[in-house]
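Peer 1: Need a 3D model of the following:
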Amino acid sequence: MAPPPPSMSPRMTVLILRVLTFAFLLISIVILTTNTSTLEAGDAEFKIRFKDVYSYQYMLAAIVIGMAYTILQVALTLNHIVKRNAETSGDGNLVFDFYGDKVISYILATGAAAAFGATNDMKPLLALFGFDNFVSKGYASASLLFLGFVCTAILSVLSSYALPKKV
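Peer 2: Sure thing, here's the model as predicted:
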């Protein structure tokens, strides 16, 4: 009987999820920071930017914190995969993963929720004045942040399962 095909190692699964998280956050921050809309009414020009909305500022902070944590975790995961030794697989990393994933997933979730709420509240007023593009980009950025949260939440569950096995 042939041996079963090798399965993907848990560290590779974690790495893929972290790279996906980073990609979602990167695209989200690009959409958010380029979210500007202008309305010209006669001689007056009205411009709205993402930094004019406090919830979007919070979302930006959540994305930056999430990206920094994800970059750190990708580096640690790659180090573990490359070295494959006991030094890099200590219980300290598992505890850091466990608590870090929990905290970051909550930060990302609240950032996405704040942006969805603010965008939904502003939509009727901004659509009335022709700022539909601004609203659409707000929803797009918040949606990508939410997908980043989903990946981090999955990582949080995986780190919850890994912790009791090693500690």
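
Peer 1: Might you report the residue contacts of residue 114?
Peer 2: 55, 58, 59 (Cβ atoms under 8 Å, 6 or more residues apart in numbering). The way it works is simple: take the backbone N, C-alpha and C, and place the C-beta from them, glycine included.

Peer 1: any idea which residue sits dead centre in this protein?
Peer 2: residue 148 (3.4 Å; Cα atoms, centre = their mean).

Peer 1: pretty sure it contacts residue 21?
Peer 2: Yes: under the criterion of Cβ atoms under 8 Å, residue 148 makes contact with residue 21 at 4.9 Å.

Peer 1: still on that earlier bit, could you flag which of the contacts of residue 114 are buried?
Peer 2: In the contacts of residue 114, burial by neighbour count holds for 55, 58, 59, counting by 16 or more other Cβ atoms under 10 Å.

Peer 1: So which bits of the helix or strand of the chain with the lowest mean pLDDT are buried?
Peer 2: Sorting the helices and strands of the chain by mean pLDDT, DSSP states H and E puts strand 36-41 at the bottom, at a mean of 81. Within strand 36-41, the residues that count as buried by 16+ other Cβ under 10 Å are residue 37.

Peer 1: who does that strand touch, helix- and strand-wise?
Peer 2: Strand 36-41 makes packing contacts with strand 44-49, helix 132-166 when contacts are defined by 3 or more Cβ pairs under 8 Å, 6 or more residues apart in numbering; DSSP states H and E.

Peer 1: Note down every partner strand of it and its orientation.
Peer 2: strand 44-49 (antiparallel) (DSSP bridges).

Peer 1: one step back: give me the subset of the contacts of residue 114 lying in helices.
Peer 2: Applying DSSP state H to the contacts of residue 114, the entries found in helices are 55, 58, 59.
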